[in-house]
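Peer 1: sequence? don't have it. structure:
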Ligand code: GCV
């Protein structure tokens with residue numbers, strides 16, 4: 001009877017909160033009443049206690065702030081979770097923030113059915129700063145955002161505070177994210193005006209109890225544009241004063257303000273070079289203003305100019321000479337690859353090469369180059385590919401992760417940034433399955449040793465498993481909890497995790513396999529236009545700059561006989577990339593101009609391999625539809641239909657990519673599309689005639705494509 005009643009209650013609760021994706025991976029019902037005590041309550045531990053009281057269905061929990069063993073040598077937000085046979089559970093940490101992470105960890109275990117039995121957990125984060133970068137503009141548009149408008153309603157702030165701000169903070173804290181840059185790196189000087197700083201303060205106040213620090217992107221010309229000074233020259237005394245005063249003003253409002261993110265002398269933005277100064281002059285001047293407040297500067301290395309040779313080499317060329325010259329509160333933010341978040345790139349050669357400067361990886365959670373919020377592309381494998389790459393800079397095993405997380409270099413600051421995919425859409429990310437990328441970023445920033453599969457399994461269970469099932473299985477101490485996913489849920493988990501784990505590679509295959517890159521249409525980065533040639537446009541924004549297809553072959557010669565970008569990589573990697581017989585085939589066209597008849601490892605010619613790979617990508621997209629459809633009976637109707645619709649678009653786009661690229665490159669290869677490959681359904685001439693119109697919010701819908 002009791003069970004029946006609780007089932008009824010849960011059903012009612014389930015109906016009350018429809019599965020529209022708004023609850024993300026935090027879908028547990030708030031109907032518990034756990035006993036929770038804390039030795040040193042604070043706003044942060046209060047949140048931890050509240051979460052546990054509402055959601056934890058087990059024995060009493062004590063939250064203990066303590067600084068001694070095992071924490072003396074560990075980062076501040078480390079924590080332990082222990083089950084004591086007769087005394088309930090303890091969560092210990094030197095900080096309230098660690099306690100909060102411990103609470104979310106315990107609740108996650110409960111939802112996964114893993115909170116029973118012995119608990120002896122010690123966790124500490126690999127990166128100190130785990131930060132989201134919002135590319136949100138003050139008019140609420142989001143650059144490369146595909147999930148609605150910016151969450152920050154600047155017009156209404158600080159008077160009106162949306163409940164979504166707290167929900168955002170909670171979601172981030174639940175996966176260990178502890179920092180956020182609120183505005184676009186293409187920054188408006190206005191963000192530093194007194195009016196906007198009041199709004200920023202309102203957000204910082206909401207985020208603080210969740211352990212999240214606020215940072216801002218700044219425009220290097222702010223002293224002139226906002227402050228009315230005649231110059232923004234970093235060596236000018238009045239400019240230096242202006243930044244110091246601005247920092248003082250900010251810290252008065254937001255005492256724990258994190259610092260500034262700076263995009264300077266990049267893609268037309270102002271920077272120190274406008275005044276004949278260097279990145280060091282610019283970064284250090286701002287660092288000096290922040291230093292008294294313990295703030296930091298994240299200075300981006302995303303720089304390239306059309307006249308300066310191979311774009312892939314430029315960040316290295318520009319930044320290496322400055323190694324060791326930055327202040328100790330500057331960290332250089334480096335995109336995972338040397339060009340720009342392409343579906344596949346080698347890692348940036350700056351990782352490990354800068355030995356005397358803290359460096360942090362920047363990855364892109366929003367899918368600017370991976371089908372926006374229309375395609376499923378689970379990105380943990382892509383980020384791990386970079387983090388696990390061996391730079392060889394400190395001998396074998398010097399992975400990008402170990403280089404940047406403080407293991408191999410004594411970096412005082414360690415950090416990792418993710419350009420977020422979050423917006424006002426009900427489901428936050430535009431595509432239900434894209435929530436997995438937000439989740440995966442947080443989990444990997446905390447622990448980059450987790451596998452993509454582990455993270456996917458966790459996320460699927462939390463996001464698609466019925467919360468009812470866990471609440472019906474109460475947790476009993478010292479007994480393995482029985483709330484293991486039941487067979488239905490296991491089907492979802494195994495099928496969906498296979499789909500997720502294959503998804504990024506599928507996108508690479510149907511968009512830009514074998515190391516191809518930047519074949520995108522002019523004006524946006526959604527569909528293919530490998531033929532795109534806009535008279536007078538920057539050559540390094542044209543696809544032909546990258547693919548270099550001609551009658552002999554295809555690909556960018558970056559070897560010693562070409563741009564020599566391979567020389568920026570440490571021995572033996574540079575040599576490996578340089579030699580066509582040892583270069584990994586998934587990067588062969590990144591580093592080599594390869595003859596059409598070059599024999600690949602499969603025994604096929606390059607041309608045939610290209611055709612097979614594009615086709616394989618399309619077949620995978622089709623298989624995602626089949627897999628998803630087979631799960632209909634296990635998934636709630638709204639999310640099922642939403643994803644089903646997106647997968648249809650994805651397959652349509654995959655075919656379009658394959659046809660556009662193969663038919664175009666065939667004009668150079670002059671070879672037939674091999675037997676056994678799905679025939680093109682589009683006509684190259686017609687595809688070339690049409691411009692893609694993808695609408696104001698870059699959220700391409702079926703009817704928007706192929707508009708004349
Ligand atoms: C925010 C790419 C994107 C730009 C982005 C830039 C950057 O070029 O297309 O939208 O600008 O990277 O990372 O600064």
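Peer 2: Looks like it came in fine. Small disclaimer: the values here were computed from a predicted structure and weren't measured.

Peer 1: what about the residue in the stretch 501-650 of the chain that the ligand sits nearest to, helix or strand, and which?
Peer 2: Among the residues of the stretch 501-650 of the chain, residue 525 lies nearest to the ligand; the distance is 6.4 Å by C-beta to the nearest ligand atom. C-beta: built from backbone N, CA, C; applies to glycine. Secondary structure from DSSP states H and E places residue 525 outside every helix and strand.

Peer 1: so it is in contact with residue 370, correct?
Peer 2: No. Under the criterion of C-beta atoms under 8 Å, residue 525 makes no contact with residue 370, lying 9.1 Å away.

Peer 1: neighbour count winner among the two?
Peer 2: Neighbours per residue (other C-beta atoms under 10 Å) separate residue 525 from residue 370, with residue 370 holding more: 26 against 21.

Peer 1: what about the closest residue in space to the more buried one that isn't next to it in sequence, how many neighbours?
Peer 2: Leaving aside its sequence neighbours, residue 370 sits nearest to residue 377 (C-beta to C-beta, 6 or more residues apart in numbering; 4.2 Å). Residues near residue 377, counting by other C-beta under 10 Å, number 27.

Peer 1: and residue 377, backbone torsions?
Peer 2: phi -150, psi 100 (degrees, to the nearest 10).

Peer 1: what sits against it?
Peer 2: 367, 370-371, 437, 503-504, 506-507 (C-beta atoms under 8 Å, 6 or more residues apart in numbering).

Peer 1: change it to 10 Å
Peer 2: Residues near residue 377 by C-beta atoms under 10 Å, 6 or more residues apart in numbering: 343, 367, 369-371, 431, 433-434, 436-437, 500, 503-508, 511, 650.

Peer 1: so how do I select the buried members of those residues in PyMOL?
Peer 2: In PyMOL, this line selects whichever of the contacts of residue 377 come out buried by 16 or more other C-beta atoms under 10 Å:
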select buried, resi 343+367+369+370+371+431+433+434+436+437+500+503+504+505+506+507+508+511+650
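
Peer 1: helices - which of the contacts of residue 377 land there?
Peer 2: Using DSSP state H, the members of the contacts of residue 377 that fall in helices are 436-437, 500, 503-508, 511, 650.

Peer 1: please identify the helix or strand for the residue lying closest to residue 634 once chain neighbours are set aside.
Peer 2: Computed as C-beta to C-beta, 6+ apart, the closest residue to residue 634 that is not its neighbour in sequence is residue 492, at 4.8 Å. Assigned by DSSP H and E, residue 492 belongs to helix 487-511.

Peer 1: next one: the following helix or strand past that helix to chain centre, how far?
Peer 2: As assigned by DSSP H and E, the chain's next helix or strand after helix 487-511 is helix 543-547. For helix 543-547, the separation from the chain centroid amounts to 26 Å (computed by C-alpha atoms, centre = their mean, to the nearest Å).

Peer 1: tell me what helix 543-547 is packed against?
Peer 2: Judged by 3 or more C-beta pairs under 10 Å, 6 or more residues apart in numbering; DSSP states H and E, the packing partners of helix 543-547 are helix 311-319, helix 588-591, helix 637-669.

Peer 1: which positions within that helix qualify as buried?
Peer 2: Buried, per 16+ other C-beta under 10 Å, within helix 543-547: 543, 546-547.

Peer 1: what does it rub up against?
Peer 2: By C-beta under 10 Å, 6+ apart, helix 543-547 touches 306, 310-312, 339, 342, 512, 515-522, 528-533, 538-540, 549-550, 554-556, 589-590, 593, 661, 664-665, 668.

Peer 1: quick check on the residue nearest the centre of the chain: phi, psi?
Peer 2: Of all residues in the chain, the one closest to the mean position by C-alpha atoms, centre = their mean is residue 365, 2.8 Å from it. Taking degrees, to the nearest 10, you get phi -80, psi -40 for the backbone angles of residue 365.

Peer 1: residue 592 too?
Peer 2: Torsion angles, degrees, to the nearest 10, at residue 592: phi -130, psi 150.

Peer 1: who in the protein is up against the ligand?
Peer 2: 135, 143-144, 184-186, 263, 267, 302, 340, 368 (C-beta under 6 Å from any ligand atom).

Peer 1: export those residues to TSV and tack on neighbour count and secondary structure?
Peer 2: Below are the residues of the chain next to the ligand laid out as TSV (neighbours: other C-beta atoms under 10 Å; DSSP: H, G, I helix; E, B strand; the rest coil):
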residue	neighbour count	secondary structure
135	22	coil
143	16	coil
144	19	coil
184	25	coil
185	25	coil
186	15	coil
263	24	coil
267	13	coil
302	19	coil
340	18	coil
368	23	coil
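
Peer 1: which one of those residues is nearest residue 561?
Peer 2: If you rank the residues of the chain next to the ligand by distance to residue 561 using C-beta to C-beta, residue 340 comes first, at 24.9 Å.

Peer 1: about what we covered before: report the buried members of the contacts of helix 543-547.
Peer 2: Buried among these by 16+ other C-beta under 10 Å: 310-312, 339, 342, 512, 515-521, 528-532, 540, 549, 554-556, 589-590, 593, 661, 664-665, 668.

Peer 1: so for residue 534, what's the pLDDT?
Peer 2: Residue 534 carries a pLDDT score of 89 in this model.

Peer 1: my error: substitute residue 3 in the last question.
Peer 2: Residue 3 is given a pLDDT of 51.

Peer 1: tell me which residues are up against stretch 150-158.
Peer 2: By C-beta under 10 Å, 6+ apart, stretch 150-158 touches 134-143, 145, 160-162, 164-165, 167-168, 182-184, 190-191, 195-203, 205, 420, 422-425, 428.

Peer 1: actually stretch 529-536, not the one I wrote
Peer 2: 512, 516, 518-523, 539, 541-544, 546-547, 549, 554, 657, 660-665, 667, 684, 687-688, 690-692.

Peer 1: one more pass at 8 Å, please.
Peer 2: 519-522, 542-544, 547, 549, 660-661, 664-665, 688, 692.

Peer 1: on that earlier part again, list just the nearest of the ones in helices among the contacts of residue 377 to residue 107.
Peer 2: Closest to residue 107, out of all of these and judged by C-beta to C-beta, is residue 436, at 18.8 Å.

Peer 1: was I right to think the closest one contacts residue 378?
Peer 2: Yes. The criterion here is C-beta under 8 Å, and residue 436 meets it with residue 378 at 5.4 Å.

Peer 1: now list whatever residues contact both of those two.
Peer 2: 456, 500.

Peer 1: could you break this protein into its assigned domains?
Peer 2: Following automatic domain parsing, one gets these domains for the chain: 32-123, 129-450, 503-556+593-704.

Peer 1: can you list these in TSV and add distance to residue 460?
Peer 2: Listed next are these as TSV, based on distance: least, C-beta to C-beta, whole Å:
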stretch	distance to residue 460
domain 32-123	10
domain 129-450	8
domain 503-556+593-704	11
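
Peer 1: what angle separates the helix holding residue 492 from helix 637-669?
Peer 2: Put simply, helix 487-511 runs at 30 degrees to helix 637-669, going by axes from the mean of the first three to the mean of the last three C-alpha atoms, to 10 degrees.

Peer 1: average pLDDT for helix 487-511?
Peer 2: Helix 487-511 comes out at a mean pLDDT of 90.
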